[in-house]
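1. The amino acid sequence is not available; the structure is as follows:
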């Protein structure tokens, strides 16, 4: 049987870590399994890192906060994925990025050559 997906790329699912997004993760996992594709999950944290040229000491604080937020979001996304697929999320590529959700999701899909965005 031929795969219904247009290319050999992975399935990309975006989550905002809400209960409603869990269904998207389940659907993306089902598509990935049926088409024998890898699954990538991404969560986008709104905002960008500020630059403080007049107060460079603030850059360290901002960087620390971003790293902490990124780590927390990755852990939470991995937990949600495990809950949704009923097992370990080791086979799922977990990504976290910052910016405008729509732009980051499209950029990520192009970067990985996604065959489907859920």
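-> Structure received. None of these values were measured; they are calculated from a predicted model. Numbers count the residues shown, from 1 in each chain.
2. right, and the helix or strand after the top helix by length along the chain?
-> The residue-count maximum for a helix in the chain (DSSP state H) belongs to helix 57-85. The helix or strand immediately downstream of helix 57-85 is strand 92-98, counting by DSSP states H and E.
3. Name the residues of the helix or strand that that following strand is followed by that are buried.
-> Per DSSP H and E, the first helix or strand lying C-terminal to strand 92-98 is helix 101-112. Across helix 101-112, burial judged by 16 or more other C-beta atoms under 10 Å covers 104, 105, 108, 109, 112. All C-beta spots, glycine's among them, are computed from the backbone N, C-alpha and C.
4. hmm, back to that, and the longest helix of the chain with strand 92-98, angle?
-> Counting by axes from the mean of the first three to the mean of the last three C-alpha atoms, to 10 degrees, helix 57-85 points 150 degrees away from the direction of strand 92-98.
5. Please point out which parts of helix 57-85 sit buried.
-> 66, 73, 77, 78, 80, 81, 84, 85.
6. Tell me how far the second one lies from residue 60.
-> In this view, residue 73 and residue 60 are 21 Å apart by C-beta to C-beta, to the nearest Å.
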